[in-house]
Structures are given as structure tokens and as C-alpha cells.
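Asks: Below are the sequence and a predicted model; questions follow.
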Amino acid sequence: VQFVASGGGLVQAGRSLRLSCVTSRDFQNYDAVGWFRQAPGKEREAVACMRVRDSKFSYSESVKGRFFISPDADKRTLTLQMDDLRPDDSAVYHCISAKTIGGLCQLPPDGAWGQGTRVTVAS
């Protein structure tokens, strides 16, 4: 099973960036799919997630109102629209399947974190 994330890059604070993720299997095969990030010296964070069975979206407090996750009609592409980016958003972003508890996405296990796509926000 592959999740291939793309779209990262260097952007100025306040600007937008769109990440895209293509999966090798239909979303219906998972409890949830979402975007997670890890920055140097910081803990891993569930940024935006979608519970598949009812398309319930959840966001971390740090990105709520700025980031938006959306699945494509093909159910194999997941987009993360990131607006009003801040330097603190700089991280490697990963698109991964996940489990949910109480509607919230849990951090995937270590082995699920691939290369991701790097986002750097300059101040």
C-alpha cells in the first residue's frame, strides 16, 4: 500500500500551498486518511484527518480555519489546502491511513511514516 505525497516547497508566511496525496487503494479500505506532520525537535502531529465512513473531518487546533482537507471523487486522492501559512507550519507532511478513537485520528505507527513532502515557510 502506498501513499505518495507531493506539493511541498518553500513559501513566504501568509501565502498558500496545496499538498496532494495519491493512494494505491481506495479510501474505503481504511478507517481514516489524513495529513500528519513532523518538524525537527517537535512531536508528531495529526494536522487534518477524514474518517472515511462518514467523511467526518478533524483538524488540530494549530491549523483550524487555515487548513482544509478534501478527498477527490476518485477516492484515491486527498488534498490539503494550506492557507495563511506560518513559520511554525514548517515540517515534513505525510499522508497516511489512520485509526480513529472518538472520531479523532490517532498517530500512525512509526513504520507508516514514509518520506512525506517538506514544507518550509519563511518569515
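Replies: Looks like it came in fine.

Asks: In contact with the residue positioned nearest the centre of the chain, which residues?
Replies: Note on the chain: the residue nearest the mean C-alpha position is residue 35, at 1.5 Å, using Cα atoms, centre = their mean. Residues in contact with residue 35, defined by Cβ atoms under 8 Å, 6 or more residues apart in numbering, are 19, 21, 47, 48, 49, 67, 69, 78, 80, 93, 94, 95. (Each C-beta comes from the backbone N, C-alpha and C, glycine too.)

Asks: try residue 3
Replies: Counted by Cβ under 8 Å, 6+ apart, residue 3 has contacts 21, 22, 23, 24, 33, 94, 95, 96, 97, 114.

Asks: coming back round to it: which of the helices or strands spans the residue nearest to the centre of the chain?
Replies: In this structure, residue 35 sits in strand 32-38 according to DSSP states H and E.

Asks: Tell me which strands that strand pairs with, and in which orientation.
Replies: Applying DSSP bridges, strand 32-38 is found paired with strand 45-51 (antiparallel), strand 91-98 (antiparallel).

Asks: Kindly reformat the ones you listed as a markdown table containing mean neighbour count, distance to residue 2 and mean pLDDT.
Replies: As requested, the strands paired with strand 32-38 are exported to a markdown table (neighbours: other Cβ atoms under 10 Å; distance: least, Cβ to Cβ, whole Å; pLDDT from 0 to 100):
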| stretch | mean neighbour count | distance to residue 2 | mean pLDDT |
| --- | --- | --- | --- |
| strand 45-51 | 22 | 18 | 95 |
| strand 91-98 | 22 | 10 | 95 |
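
Asks: Tell me where this protein has strands.
Replies: 3-6, 9-12, 17-23, 32-38, 45-51, 56-59, 67-71, 77-82, 91-98, 100-101, 104-105, 117-122 (DSSP state E).

Asks: May I see the buried residues of the fourth one?
Replies: In this case it means strand 32-38. 32, 33, 34, 35, 36, 37, 38 (16 or more other Cβ atoms under 10 Å).

Asks: would you list those residues in CSV and tack on distance to residue 57 and pLDDT?
Replies: Shown next, in CSV, are the buried residues of strand 32-38 (distance: Cβ to Cβ, whole Å; pLDDT from 0 to 100):
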residue, distance to residue 57, pLDDT
32, 10, 95
33, 11, 94
34, 9, 95
35, 11, 96
36, 14, 96
37, 16, 97
38, 21, 95
